[in-house]
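Asks: Sharing a model that was predicted from the sequence below.
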Amino acid sequence: MTTHIMIVAGEASGDMHGARLVEAMQAMQPDLSFSGIGGKELTAAGVEMLFDASKLAVVGITEVLSHLGDILAARKTLIRRMQAKKPVLLILIDYPDFNLLLAAKAKKLGIPVFYYVSPQVWAWRSGRVKKIDRLTDRIGVILPFEKDFYAARGVEVDFVGHPLKDTVSRDKVACKEEFLRIHNLSSDPKTRIIGLLPGSRTKEIRSLLPDFLAAARILVSKDQDKKWLFLLPRASTVSEELLLESGLAACRAAGEDRLDIHVLTDNRYDLMAACDAVVAASGTVTLELAILGIPTLTTYRLSPRTYRLGRLLIRHIRHFSLVNLIADQEVIPELLQDAVTPVAIAEHLQVMVNDRTYRKKIIRGLALVTEKLGPPGCAQRAAKLAFICMDRDASF
């Protein structure tokens with residue numbers, strides 16, 4: 001007879017972190033079975049999917065309202081399963097508005113709750129700290145400053161390190177020359193390679209990619225003595241049509257011979273490591289780039305309504321990128337909202353590739369941030385906490 005656990009991850013990064021946790025727990029105790037909400041990673045790890053996480057991964061008030069039916073249906077499905085087949089543990093990954101309601105129900109049913117990857121209560125709605133503490137049996141955090149944040153509010157949490165330290169490493173990526181050879185790209189040492197990473201969500205790509213491409217045009221036209229190569233990774237969840245609609249088709253139609261843009265669908269980390277600099281949407285990708293030591297310009301743009309509301313609720317945060325938040329200073333430059341313009345993007349990238357002193361300063365800062373993320377083994381440390389929640393022996 002298997003021991004059953006429920007796990008809920010509402011977004012792509014949580015899906016990946018959750019899958020590694022499931023694998024670590026099964027390695028320690030093979031008779032475990034899992035069900036819940038997630039995506040391809042958790043499915044591949046053997047988790048029975050009760051609801052598709054892609055229907056829940058929304059950002060902003062307008063999107064949440066338009067997906068309210070799916071959100072309510074998912075919650076109802078999980079509660080019914082908890083009642084019909086009571087799990088020995090509920091593992092929650094971020095996604096607080098949904099997961100805290102689920103945690104409250106689990107508590108009423110006597111199901112222990114492990115919150116792995118704490119919500120970003122340090123950014124806004126910090127009052128939820130006490131609620132999270134009341135509804136959970138153990139809290140795992142993956143950002144180093146979160147432990148002190150909770151402690152200042154009288155709540156003990158465990159810093160388990162960051163999951164990316166197990167999946168991203170300079171030692172695991174192909175060297176630049178090998179990457180360029182595999183993809184038949186220019187290996188001229190004078191070529192400047194720029195990564196264009198506009199995010200993985202439709203709204204992010206439509207909002208940011210046109211400006212990224214316009215910035216590429218500016219770089220090519222302003223610095224004609226140099227050769228420029230632009231790399232645009234396309235995730236499996238992103239259609240080529242979306243990229244074309246967001247400005248790529250116009251670039252190709254214009255016949256701009258010097259605007260050398262390549263869309264690649266594999267070897268994502270190899271692509272990042274091959275870049276001299278990157279412009280990226282703010283998110284987990286900035287930490288991936290930090291671990292790889294790639295100078296990065298981070299950007300973000302929200303709908304005007306969401307941005308105005310955010311400014312009212314988030315007044316104490318000096319930075320919005322995870323890299324700068326962990327460093328508690330500006331390591332990489334940030335452009336937010338109206339500051340995201342093609343000219344500003346081009347100017348930052350040009351300095352990053354041409355100013356050696358500035359590059360070295362950024363790279364040193366990225367190394368310090370990477371060190372703060374902790375050693376590898378995050379999933380194993382989190383798995384031990386999960387077993388403690390289940391009152392199992394965690395001395396593996």
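Replies: Perfect, I can see it now.
Asks: can we go C-alpha only for contacts and neighbour counts from here?
Replies: Fine.
Asks: for the chain, which spans come out with low pLDDT?
Replies: Along the chain, segments meeting pLDDT under 70 span 1, 54-68, 123-126, 254-258, 303-317, 392-396.
Asks: remind me, longest helix of it?
Replies: In the chain, with assignment by DSSP state H, the single longest helix is helix 202-222.
Asks: That one - contacts with which helices or strands?
Replies: Helix 202-222 sits against strand 227-233, helix 240-243, strand 277-281, helix 342-354, with contacts defined as 3 or more Cα pairs under 8 Å, 6 or more residues apart in numbering; DSSP states H and E.
Asks: Output it as CSV, nothing but the C-alphas.
Replies: Taking Å, rounded to 0.1, in the frame of the first residue of the first chain, the C-alpha atoms of helix 202-222 are listed here in CSV:
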residue,chain,number,x,y,z
THR,A,202,2.0,35.6,-23.7
LYS,A,203,1.4,39.1,-22.2
GLU,A,204,5.1,39.4,-21.3
ILE,A,205,6.2,38.6,-24.9
ARG,A,206,3.7,40.9,-26.5
SER,A,207,4.6,43.7,-24.1
LEU,A,208,8.4,43.4,-24.2
LEU,A,209,9.6,41.6,-27.4
PRO,A,210,8.8,44.6,-29.8
ASP,A,211,11.0,46.8,-27.7
PHE,A,212,13.8,44.2,-27.5
LEU,A,213,13.8,43.9,-31.3
ALA,A,214,13.8,47.7,-31.7
ALA,A,215,16.8,47.9,-29.4
ALA,A,216,18.6,45.3,-31.5
ARG,A,217,18.0,47.5,-34.6
ILE,A,218,19.5,50.5,-32.7
LEU,A,219,22.6,48.5,-31.7
VAL,A,220,23.2,47.4,-35.3
SER,A,221,22.7,50.9,-36.7
LYS,A,222,24.7,52.8,-34.1
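Asks: hey, what's residue 113 bridged with?
Replies: residue 90 (DSSP bridges).
Asks: any idea how far residue 291 lies from residue 364?
Replies: Distance, residue 291 to residue 364, using Cα to Cα, to the nearest Å: 11 Å.
Asks: Which one's more surrounded, the two?
Replies: residue 291 (23 against 13; other Cα atoms under 10 Å).
Asks: What helix or strand is that one located in?
Replies: When elements are assigned from DSSP states H and E, residue 291 belongs to helix 284-292.
Asks: got the angle between that helix and strand 277-281?
Replies: 150 degrees (axes from the mean of the first three to the mean of the last three Cα atoms, to 10 degrees).
Asks: Going toward the C-terminus from helix 284-292, what's the next helix or strand?
Replies: Downstream of helix 284-292, the next assigned helix or strand under DSSP H and E is strand 296-300.
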